[in-house]
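Chemist: starting from these lines, generate the structure:
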Amino acid sequence: MRKILFILLPTFLLVGCKSREEKLAELIKQEMIKTLYDFESYEPVETKIDSAFTSIYTDSVIKSYAYIARSFLDDVQEGLDKVKDAQRTAEIWRDSYSSYGRGKYEEAYNEMREHLDEVKSKMSIVNGYTDSIRNASVGFKPEFCGWRVKHRFRCKTKGGNFDLGDYIYIVDKRVTKIIYKEDPDDEYTKKVNGLIEEAVSSKNEQEETDSVSGATSNI
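Modeler: Numbers count the residues shown, from 1 in each chain. As a prediction, this is how the structure comes out:
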């Protein structure tokens, strides 16, 4: 029995002596197994490690508000496009004297008003969530929460070609789990972060509100 313990002890010591970098590499590898289309082609290129601090751009509550607001903002833009289409149709039939023409005008006009009401309603929801983001960010103080890892890698795409990718991970202090992941090149992520930035800035928020109000009033 003692011989077995003596044999196992060095193994435990080796496991316990893994460096922070080795632990991070293993965590990232396990994440890549779950997310990459062709993990067998995965090749780490560069990994940069720095201290991580809590941020309004990674806070789960603020981020959830931003994603919901961004989704409704996309609906607002789609609604504005429908309003403009209906307005153009109404303009075509505005001066018609035939009953058919007047009917087409009224149909387009009512459709325009309906979409405009939807835009205003959804914009009100957007404003509510941006208010929540701003309120949640008041007095927000960054605190050390672990490690920020910027990881560059190479792997095959669905088309079979090699491509470079970049991910940012936030790992807990003990290097046991990934608590946040982001693709900095993702366009939707950029839009969500941009919305957070505007929400916490009263000046930018007012400019956005004025912009949408101006668009709807012109219509």
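
Chemist: pLDDT-wise, which helix or strand of the chain ranks last?
Modeler: Least confident element among the helices and strands of the chain, by mean pLDDT, DSSP states H and E: helix 2-16 (a mean of 44).

Chemist: looks like Asp143 contacts Ala52 (just checking).
Modeler: Wrong residue type there; residue 143 is Glu, not Asp. No. Counting by Cβ atoms under 8 Å, Glu143 stays clear of Ala52, with 9.9 Å between them. C-betas here are computed from N, CA, C, even on glycine.

Chemist: so which of those two has more stuff around it?
Modeler: Between Glu143 and Ala52, Ala52 has the larger neighbour count (other Cβ atoms under 10 Å), namely 23 against 9.

Chemist: poorly predicted segments of this structure, please.
Modeler: For the chain, the stretches with pLDDT under 70 are 1-17, 202-219.

Chemist: which one's the longest strand in it?
Modeler: If you go by DSSP state E, the chain has its longest strand at strand 144-156.

Chemist: and stretch 161-178, what's buried?
Modeler: Residues of stretch 161-178 classed as buried: Gly165, Tyr167, Ile168, Tyr169, Ile170, Val171, Val175, Ile178 (neighbour count, 16 or more other Cβ atoms under 10 Å).

Chemist: which two among the residues you listed are spaced furthest apart?
Modeler: With Cβ to Cβ as the measure, no two of the buried residues of stretch 161-178 lie farther apart than Gly165 and Val175, at 22.0 Å.

Chemist: which SS class is Val175?
Modeler: coil (DSSP: H, G, I helix; E, B strand; the rest coil).

Chemist: helix, strand or coil for the nearest residue to it once chain neighbours are set aside?
Modeler: In this structure, Val175 finds its nearest non-sequential neighbour in Lys23, 4.2 Å apart by Cβ to Cβ, 6 or more residues apart in numbering. Classification of Lys23 by three-state DSSP places it in helix.

Chemist: Lys23 - how many residues pack around it?
Modeler: 15.

Chemist: surely it touches Lys173?
Modeler: No. If you go by Cβ under 8 Å, Lys23 and Lys173 don't touch, sitting 11.7 Å apart.

Chemist: distance to Trp93 and secondary structure for the buried residues of stretch 161-178 - can I get that in a markdown table?
Modeler: Converted to a markdown table, those look like this (distance: Cβ to Cβ, whole Å; DSSP: H, G, I helix; E, B strand; the rest coil):
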| residue | distance to Trp93 | secondary structure |
| --- | --- | --- |
| Gly165 | 52 | strand |
| Tyr167 | 53 | strand |
| Ile168 | 53 | strand |
| Tyr169 | 57 | strand |
| Ile170 | 57 | strand |
| Val171 | 62 | strand |
| Val175 | 67 | coil |
| Ile178 | 58 | strand |
